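K.L.:
sequence first, then the predicted structure:
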Amino acid sequence: MYERKTMPDLLCGLDLIGEVLYGKWKMRLLWFIHQGFQRPSELQRKIPGASRRVLNVQLKELESHELVGKVIYPVLPPKVEYYLTDFGQSLIPIIGAIGQWGDQHEERLRKLIAKNMEP
């Protein structure tokens, strides 16, 4: 597993939130868990561009930051469900606002992203 070589600079709230939420799929994972998609297979279907391994790593990081919790049911095959903690639930309005901003500026953002991807 990845081991961090240097400590991050945590000088302000933006640094802190970045440390907790940066990761390609973390905000989407939180949002989808909030919407009721709790099983790893359900989350994988909602985010098909992510590998199972990457999703597991990011879920583990969200769990270590106390944003999500998981319940492991003692059945065969093993059944796992994720849920938002109260701390994680407090991020949902913020993630929703970011998503709304993206929707409001979708056309402009798509053009800018496409322009920046040109050689």
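P.N.:
That came in fine, so what should we check first?
K.L.:
residue ranges with poor pLDDT in this protein?
P.N.:
1-5 (pLDDT under 70).
K.L.:
can I assume E66 is in contact with L84?
P.N.:
No: taking contacts as Cβ atoms under 8 Å, E66 lies outside contact range of L84: 10.4 Å. All C-beta atoms are positioned from the backbone trio N, CA, C, and that covers glycine.
K.L.:
who has more neighbours, those two?
P.N.:
Just comparing E66 and L84: by other Cβ atoms under 10 Å the higher neighbour count belongs to L84, 19 against 12.
K.L.:
how close does that one sit to G99?
P.N.:
For L84, the distance to G99 equals 16 Å [Cβ to Cβ, to the nearest Å].
K.L.:
got it, and T85?
P.N.:
T85 is 21 Å from G99, where distance means Cβ to Cβ.
K.L.:
for the residue sitting nearest the centre point of the chain, what are its contacts?
P.N.:
Residue closest to the average C-alpha location in the chain (Cα atoms, centre = their mean): K26, at 1.2 Å. Residues in contact with K26, defined by Cβ atoms under 8 Å, 6 or more residues apart in numbering, are Q58, E61, L62.
K.L.:
tell me which stretches of the protein form helices.
P.N.:
Along the chain, counting by DSSP state H, helices occupy 13-21, 26-34, 40-46, 52-64, 86-89, 92-104, 106-117.
K.L.:
burial measure for the closest residue in space to E19 that isn't next to it in sequence, as a count.
P.N.:
The shortest distance from E19 to any non-neighbouring residue, by Cβ to Cβ, 6 or more residues apart in numbering, is to P8 (5.5 Å). Using other Cβ under 10 Å, P8 has 11 neighbouring residues.
K.L.:
sweet, I'm off.
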